[in-house]
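Peer 1: Pasting a predicted model and its sequence here:
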Amino acid sequence: MTAVVFIHGTGVREPGFSALAGRVSAGLGALRDGLRIVPYYWGGAHGATLAAGGASLPPEAGASRGLAESPAPDGDDGTAAAWAALYTDPYAELALAAAGARSAGERPPGHVPPEQQLQARLAALAAGGDAPAAELGPGLARAAGDLARHPLLGRAADALDAGDLATLAARSLTARLVADLLDADSPLVPDGDTRDAVTARLAGTLGATPGGTERGLRSLLLRTAGSAASRAVVRRRRALTQAAHPAAGDILRYLSRGAAVRDDLRALVAGLQPPVVLVGHSLGGIIALDTLVSAPLPAVRLLVTAGSQGPFLYESGSLPSLEHPAPLPPHVPAWLNLYDPRDLLGYAGAGLFPGRVTDVAVDSRQPFPAAHSAYWTNPAVYRHIVERLP
């Protein structure tokens, strides 16, 4: 029986780890029977904490201003950029539509406001609970209720037909749910296909015709997508670069005091019957690589990394166990390295270790930083892993 040790990445803590490990177990188990999934939760014992209660945190800086707008990208990159803008502000499209509406003037007695039907459907959606968007976590009922009461809804309804207004509302609801996951640093962000399926389902419920979830104001939204995405990255820079944040703190703690994490992983593997496979996400991939480089683990027959910075740390001289240009030791097993082209924290290894690493691109159709947490909801990731399991 093949044992698969799953090693989580930065910032993951309970109860998020149990949900993540369960998703990985289900994804692999659906494609191959008889696997033993062994979670390695290092975040509890070895993860970074704010020992002084956050005394090192500086005051939050104000919102950045004056960022130059970028040209609107096309194709899948354009769609990803548009969603990035919506994750930053789920009501961005609504505001653009309202801004483009002509004055409706005084409405005659008995006139039914064009937004009324959508408000009724949003209210019904809110009353029905979160189930219609269960893939995106909780919050649909609250989001639908808030959107039904949004003061710009009437102005947007003056600018759009009922179908486009419904698809706009569906995108807004989906974006808010994904944004909530990102704000909570969830390790499970849905891939683009799941996001689009939920959007289409919500659009249909709200009265849109099938197949219209990428129409409407997409071109208008893309005009501001570059700047909105840039503002999102700037807002998250503190979280990505300062040691006070759990994710960044985990990386710095590991690089300075990582021996205990590797020792515990080595002890875990020693208690398993071969063949063993190590699967590491983000910093988990670095931990797995360092452990394998440091000393032979004959039971381990395959290393899998996803969205990992191991190759970058090696090339930059920062990998604890191996300094460039030293070659990968012969005792390191076959290495499958999965990366999303839009994940700015995922790197390639084949150019650094020719013949020793197989790089495979997997596209979640999510923008960064969502792409970094969407590996384990992407079916392609599990297919590539199972194809190579011993």
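Peer 2: Noted; the coordinates are in hand.

Peer 1: could you measure A82 against L96, distance?
Peer 2: Going from A82 to L96 by CB to CB, to the nearest Å gives 11 Å. C-beta coordinates here come from the backbone N, C-alpha and C atoms, glycine included.

Peer 1: Which one's more surrounded, these two?
Peer 2: Taking other CB atoms under 10 Å, A82 and L96 do not tie; A82 has more neighbours (29 against 20).

Peer 1: quick one: pLDDT of the more buried one?
Peer 2: Turning to A82, the model gives it a pLDDT of 83.

Peer 1: Which helix or strand contains it?
Peer 2: helix 75-88 (DSSP states H and E).

Peer 1: looking at this protein, which helix or strand does the model trust least?
Peer 2: helix 218-241 (a mean of 45; mean pLDDT, DSSP states H and E).

Peer 1: Flag the shaky bits of the stretch 201-350 of the chain, pLDDT-wise.
Peer 2: With pLDDT under 70 as the threshold, the stretch 201-350 of the chain has low-confidence stretches at 211-247.

Peer 1: Show me the helices in it, by range?
Peer 2: With DSSP state H, counting those that start in this stretch applied, the stretch 201-350 of the chain shows helices at 218-241, 246-257, 259-270, 283-294, 310-315, listed in chain order.

Peer 1: residue contacts, L136?
Peer 2: T174, L177, V178, L181, P190, T194, R195, V198 (CB atoms under 8 Å, 6 or more residues apart in numbering).

Peer 1: Just the C-alphas of the helix or strand containing the last one, formatted as PDB.
Peer 2: Using DSSP H and E, V198 falls within helix 192-205. Extracted C-alpha coordinates of helix 192-205, given in PDB (Å, rounded to 0.1, in the frame of the first residue of the first chain):
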ATOM      1  CA  GLY A 192     -11.800  28.900 -12.100                       C
ATOM      2  CA  ASP A 193     -14.000  26.100 -13.400                       C
ATOM      3  CA  THR A 194     -15.800  25.800 -10.100                       C
ATOM      4  CA  ARG A 195     -16.000  29.600  -9.700                       C
ATOM      5  CA  ASP A 196     -17.600  29.800 -13.200                       C
ATOM      6  CA  ALA A 197     -20.000  26.900 -12.600                       C
ATOM      7  CA  VAL A 198     -21.300  28.600  -9.400                       C
ATOM      8  CA  THR A 199     -21.600  31.900 -11.200                       C
ATOM      9  CA  ALA A 200     -23.600  30.300 -14.000                       C
ATOM     10  CA  ARG A 201     -25.900  28.600 -11.400                       C
ATOM     11  CA  LEU A 202     -26.500  31.800  -9.500                       C
ATOM     12  CA  ALA A 203     -27.100  33.700 -12.800                       C
ATOM     13  CA  GLY A 204     -29.800  31.200 -13.800                       C
ATOM     14  CA  THR A 205     -31.400  31.400 -10.400                       C
END
